[in-house]
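A.B. asks: Sequence first, then the predicted structure, then my questions.
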Amino acid sequence: MITGENAARLRTIALVVALVAPALLAGCTSVTLDPAPPGMVPWIGTVPTTQRVIFITIDDGYDQDPAVPAVLKAANVKLTMFLTDNAISRYLPYFQGLAKLGSAVGSHAVTHVQLKDQPYEYQKQQLCDSRVWLGQHLGTPPTLFRPPYGQYDDNTLKAGFDCGYKVYIG
């Protein structure tokens, strides 16, 4: 949990982003997926837009600022959460509340582990188990995945496809 001066700064930044984001959001003109061979998940590295856009994400889920849900709700701002099961398991009500506010749920694996260069079966376990667990606890199994450290290889793309993910986010 973030406390003290850092928490106050985070709340201020979140409030500014939440209040400014609706004015900046203009929608995406298109999304370009890096081509993926059959049986592998496509990768999004950039999202072209016609105007300035702010993408708000939560990675892992280790920090839960109690002010964030109210700020998001007041500003009608949605975010995308790329969560690890082990980080959020003790704080499920917080993340369930964010999901009910319309925030998208994505996976960041069961644990925040380097997947690249790991065997296919290990990666598949990390991805499939996370998708099932997050689906059971937050509503719908995620279709978005962000690999920890942004690192992936062909085994990651294949495991993601086999587990039911639709897109990897860079």
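C.D. replies: That came in fine, so what should we check first? Residues are numbered from 1 along each chain as shown.

A.B. asks: Which pLDDT value goes with Gln51?
C.D. replies: pLDDT recorded at Gln51 is 75.

A.B. asks: can you pull the contacts of the nearest residue to Gly102 once chain neighbours are set aside?
C.D. replies: Of all residues not flanking Gly102 in the chain, Lys78 sits nearest, at 4.8 Å (C-beta to C-beta, 6 or more residues apart in numbering). From N, CA and C alone the C-beta is placed, and that goes for glycine too. By C-beta atoms under 8 Å, 6 or more residues apart in numbering, the contact list for Lys78 reads Ile56, Leu72, Leu101, Gly102, Ser103, Ala104.

A.B. asks: Closest one to Gly150 out of those, please.
C.D. replies: Nearest to Gly150 out of these is Ile56 (C-beta to C-beta; 17.7 Å).

A.B. asks: Please verify my assumption that that closest one contacts Phe82.
C.D. replies: No - assessed by C-beta atoms under 8 Å, Ile56 is found out of contact with Phe82, at 11.7 Å.

A.B. asks: what about the two, which has more around it?
C.D. replies: Phe82 (22 against 16; other C-beta atoms under 10 Å).

A.B. asks: Sheet partners, orientation included, of whichever strand or helix holds that one?
C.D. replies: Element membership of Phe82 [criterion: DSSP states H and E] is strand 80-83. If you go by DSSP bridges, strand 80-83 pairs up with strand 57-60 (parallel), strand 104-107 (parallel).

A.B. asks: Which elements pack onto the next helix-or-strand element following the last one?
C.D. replies: Under the assignment DSSP H and E, the closest C-terminal helix or strand after strand 104-107 is helix 120-138. Contact analysis of helix 120-138 by 3 or more C-beta pairs under 8 Å, 6 or more residues apart in numbering; DSSP states H and E lists helix 85-88, helix 92-100, strand 104-107, helix 154-163 as its packing neighbours.

A.B. asks: Relative to Asp65, which of those is closest?
C.D. replies: Of the helices and strands packed on helix 120-138, the one closest to Asp65 (C-beta to C-beta) turns out to be helix 92-100, at 9.3 Å.
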